[in-house]
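Participant: Please find the sequence and the predicted model below.
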Amino acid sequence: MTETTPLLWVEDDAALRRLTRGLLRAEGFDVAEAEDAASALASARARPPAVVLLDLMLPPTQSIDEGLGVLDALMASPSPPLVVVVTGAGGKAAALEAVRRGAHDLLSKPVDPDVLLVVVKRAAARAALEAEVRALREQLAVARPEDQMLGSSPPFRAALDLADRVAPTDLPVLLTGENGTGKELLARRVHLASRRARGPLVSVNCGALPPTLLESTLFGHTKGAFTGADRARRGLFAEADGGTLFLDEAGELEPATQVRLLRALERGEILPVGADRPITVDVRLISATNRDLGSMLREGSFRDDLYWRLRGVEITLPPLRDRGEDVLLLARSFLSAQERLIGRRHELSDAAAQALLAHPWPGNLRELRHAVQRGAVMAGARPVIVPEDLGLGPTAAPDGEGLEAQVEALERRSIAAALAAEGGNRSRAARRLCLSRQGLLNKMARYGLG
């Protein structure tokens, strides 16, 4: 909480407003006041507050609906404040409804001054943290625009929306999808939008290390724990304490490592290799895999108790071939990044754009980035990139089954692109594709685009 934290106190009792204003200003808050719904919203527009104290019973109606209406309007703003709702006796149902609509905290009348200060200071600290997270995300976007999570296709936006909803919680997150779909970028997005954003984000690829080395890497080891352990090592769980640990390729974990990981998650403590005393850690876990963990459960190669620990919320990132015209948006972003590196600007020809849309992208984002970078290099002094510069070769279906499979793959991508362009509206997408609505639905069912 800073000395200039802007706060709005919405209360129709003038005497209570004056008393509370003096208390809050003495603690360093910049307090604005409003006595009814209209003046509250006008004040919030003129000077957006970080924290709002909102009495639900406001004139002119003196009904709960008046206060809830103010809450809804505040929550709809681009950067909504943290709202602390104040209710009178018997207002439990209204308070619960306010929380459902986005209220941060609750206070009951008569308000205890000490409790008021604790609640408001806590809200102000949370608001300051969220502002810092937004600033960090803006800095990240400026530093590496090619790493932004760009796209407007419905399946991609659904994944991002779910990630943004779960980010402020401490729920474990399981990211699934093909290699190269952006799972590590999404893990970083979740971390930066969490309450742990000021803590570390520590990553490890579980498939890149042999089991014994992975265990000591994750949990640490004591000096002399094994041959070559000439000094103690903390381990990545300890390094991530207070922050987030990202386990990439979690489907590659060996059974013994799965057992140790499960213990760490269940007890909140780790036992370094060779140690006889556990260490307590506070870590939020994000895992990623391109493997079908459901099949691994049935085969017995992945523990079901660990699976449910990892899968607090599962978010599936769609492959690039299912994201329609997001391909061109991403390609142009990669071109902008390449321009800064080589000092030369390039654009895609119409034919090159069509080639990008028609390609199946088995390598997803990584393959697209490399194709665009190659295109810029091969174009050289030419300002326009042509299909031959991209090095995609003949368009083939992902399974390489020949002409029929290529046609089906192209039709599938065309449908996905039309749905993305029409915001998921199937009737408009059908007209764009010169199909009947039922014909489109049949093809969507055939290609798994429901």
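Facilitator: Ah, there it is.
Participant: what ranges of this structure fall below the confidence cut-off?
Facilitator: Applying pLDDT under 70 to the chain flags the ranges 1-3, 89-90, 134-148, 393-410, 434, 450.
Participant: can we see that at 50?
Facilitator: Applying pLDDT under 50 to the chain picks out residues 1-2, 141-143, 145-146, 395-403.
Participant: Check the secondary structure at Arg198 for me.
Facilitator: coil (DSSP: H, G, I helix; E, B strand; the rest coil).
Participant: mind listing what Asp65 touches?
Facilitator: With Cβ atoms under 8 Å, 6 or more residues apart in numbering as the criterion, no residue contacts Asp65. C-betas here are computed from N, CA, C, even on glycine.
Participant: any idea which element it lies in?
Facilitator: Element membership of Asp65 [criterion: DSSP states H and E] is helix 64-75.
Participant: Tell me which helix or strand comes right after that helix, heading toward the C-terminus.
Facilitator: Past helix 64-75, the next helix or strand by DSSP H and E is strand 82-87.
Participant: now that following strand, how far from the chain's geometric center?
Facilitator: Computed by Cα atoms, centre = their mean, to the nearest Å, the chain-centroid distance of strand 82-87 equals 26 Å.
Participant: Could you list every helix and strand in contact with that strand?
Facilitator: strand 51-55, helix 64-75, helix 92-100, strand 105-108, helix 113-143 (3 or more Cβ pairs under 8 Å, 6 or more residues apart in numbering; DSSP states H and E).
Participant: Tell me which of those sits most buried.
Facilitator: Burial of those is given as mean neighbour count (mean count of other Cβ atoms under 10 Å); strand 51-55 ranks first at a mean of 27.
Participant: Show residues contacting that one.
Facilitator: By Cβ under 8 Å, 6+ apart, strand 51-55 touches 5-13, 20, 29, 40, 44, 67, 70-71, 74, 81-87, 103, 107, 120, 123-124, 127.
Participant: Show me how far stretch 332-350 is from its chain's centre.
Facilitator: Stretch 332-350 sits 27 Å away from the centroid of its parent chain (Cα atoms, centre = their mean).
Participant: now the end-to-end length of that stretch.
Facilitator: One end of stretch 332-350 sits 13 Å from the other (Cα to Cα, to the nearest Å).
Participant: What are the buried residues along that stretch?
Facilitator: Buried residues in stretch 332-350, counted by 16 or more other Cβ atoms under 10 Å: 333-335, 337-338, 346, 348-349.
Participant: Tell me which of these fall in strands.
Facilitator: Leu348 (DSSP state E).
Participant: and the buried residues of stretch 332-350 as CSV, adding distance to Tyr447?
Facilitator: CSV is the format used below for these (distance: Cβ to Cβ, whole Å):
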residue, distance to Tyr447
Ser333, 27
Phe334, 27
Leu335, 30
Ala337, 32
Gln338, 33
His346, 33
Leu348, 26
Ser349, 29
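Participant: and the two most separated of the buried residues of stretch 332-350?
Facilitator: Spatially, the most separated pair among the buried residues of stretch 332-350 is Ala337 and Ser349, at 19.6 Å (Cβ to Cβ).
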